[in-house]
Every structure is written in structure tokens, then in C-alpha cells.
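Asker: I would like the atomic coordinates for the input below:
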Amino acid sequence: MSLTDLLLPTYRNMLRTLAGLLAKMERQMPDRAESLLSARLAPDMYPLAAQVRFAAYQAQEATFRLRGEAVPAYLDAVLAEARNAGDNPGSFGDAQVRVSEALSYLDGLADDALDAGAALPIAIELPGGLTFDMTGEQFARDWALPQFYFHTVAAYSILRNQGVEVGKADYVPHMFAYIRPGPVPAA
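Answerer: Predicted coordinates for the structure are as follows:
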């Protein structure tokens, strides 16, 4: 399986999941949608607004790294928004737009956009001087996907913790495309 075949459908599926979770929150709690953006699972974790932005950022950032390109300024701005979401969560509409922008960007990539990046050397530099050196394949497997899923799961967990009625079917709606036809088994 190529990196493009692995990453792009995964990012698209889960960003659509995130959009669906946000839409469900808005339907169930329209009066609380804005305030829920500041909700956290723990005091030292980022709020929902940040988790949404981090997920949108992670899905796009990986594609630039795997093509050997610099992360563009507009995406650095999304990362800054995420890091500052505790003080400035933005609006519910802002969160929805970030997810939509990420999906639009991913939809514009070529069918083989990331394939040449498997052997590319990638360095992840974290604050405090910690640097990870890896290949593109290692980056995709060990950094890009886990980071993306972490923020998506955190957003789901915050919503569930705040009383939004979501369950596993809301987290993996793309799986319904694989249901075998026939009678539904009894529970």
C-alpha cells in the first residue's frame, strides 16, 4: 500500500467524522456550541477548539513533509490558532471552516502525491530541542497518523464528556460502506 493510499483516505474519513461530530454537537446543544469549544478533558490538555485545529493541521502538514516541501504560512497560522485556543477558541463556525479547508486541500492532491516521500528523511523538531529523525514511511506510521488520531479522539472524548450523545458509530461512520448485505444479526 502506498503512503497516498494509506494517508489520504484515512485523513478524509476522520476529518468527515470530525465534521459530523461537530454537526451533532450543534444540533444537540445549539446554545452551548460556542462554550463547548473551551471544554477540556483535563486542566493541562488543550480545549476542543485546539483539538479540531490540531487535527486539521496534522492532516495537511504531513502531506507537505512527505513531498519535501516547507509547511506554508497559512498552515503555521492554523497551528498558532490551535496553540492559543485556550485563550482564544474562536467561533464554532471557525472550527467547522478549519475542517472544511483541510478536506478541500486533501481533495486537491494527486492520486500519487505522497508516494515518493516514503524514503525521504524527515526531522521533527519539538520545543526544548528534542528532534526526531526518521524516514517518510516511519514518519507516516509513527508520528503523522498517531498525532492525527490523538487529536481526533480527544475531540470525540471532549464532546462525549460534555454530554453530546455520540458513540462508536459516530466515530467510524465510514465503516458502514463495508457492511455485508443480508439480515442484521440479533443482538
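
Asker: longest helix anywhere in the protein?
Answerer: helix 3-28 (DSSP state H).

Asker: now that one: how far from the chain's centre is it?
Answerer: Mean-position distance between helix 3-28 and its chain equals 7 Å (CA atoms, centre = their mean, to the nearest Å).

Asker: pLDDT of the helix or strand following it, averaged?
Answerer: Next helix or strand after helix 3-28 toward the C-terminus (DSSP states H and E): helix 33-36. Mean pLDDT, helix 33-36: 92.

Asker: next SSE after helix 33-36?
Answerer: Next along the chain from helix 33-36, counting by DSSP H and E, comes helix 48-65.

Asker: Measure how the longest helix of the chain sits relative to helix 48-65, angle-wise.
Answerer: On the basis of axes from the mean of the first three to the mean of the last three CA atoms, to 10 degrees, helix 3-28 is oriented at 160 degrees to helix 48-65.

Asker: what helices or strands is the helix or strand encompassing Asp94 leaning on?
Answerer: Asp94 is part of helix 92-107, with elements assigned from DSSP H and E. On a contact count with 3 or more CB pairs under 8 Å, 6 or more residues apart in numbering; DSSP states H and E, helix 92-107 meets helix 3-28, helix 48-65. Where C-beta positions appear, they are placed from N, C-alpha and C, glycine not excepted.

Asker: Relative to Val52, how far out is Leu145?
Answerer: Applying CB to CB, to the nearest Å, the value for Leu145 to Val52 is 18 Å.

Asker: between these two, who's got more neighbours?
Answerer: The neighbour count for Leu145 versus Val52, taken as other CB atoms under 10 Å, is higher for Val52 (34 against 18).

Asker: Apart from its neighbours in sequence, what residue is nearest the residue nearest the centre of the chain?
Answerer: Among the residues of the chain, the one closest to the centroid is Ala55, at 2.5 Å (CA atoms, centre = their mean). Leaving aside its chain neighbours, Ala55 sits nearest to His151 (4.2 Å; criterion: CB to CB, 6 or more residues apart in numbering).

Asker: Any idea how many residues pack against the one you found?
Answerer: By other CB under 10 Å, 24 other residues sit near His151.

Asker: re the thing from before, what residues of the longest helix of the chain count as buried?
Answerer: 3-4, 6-8, 10-12, 14-15, 17-19, 21-22, 25-26 (16 or more other CB atoms under 10 Å).

Asker: again, but for stretch 26-40
Answerer: Within stretch 26-40, the residues that count as buried by 16+ other CB under 10 Å are 26, 29, 32-34, 36-40.

Asker: how much space is there between the closest residue in space to Thr10 that isn't next to it in sequence and Val164?
Answerer: Nearest residue to Thr10 in three dimensions, chain neighbours excluded: Leu145, at 6.8 Å (CB to CB, 6+ apart). Going from Leu145 to Val164 by CB to CB gives 25 Å.

Asker: ok, now Leu114?
Answerer: 33 Å.

Asker: just Leu37 next, same as before
Answerer: Using CB to CB, Leu37 is found at 12 Å from Val164.
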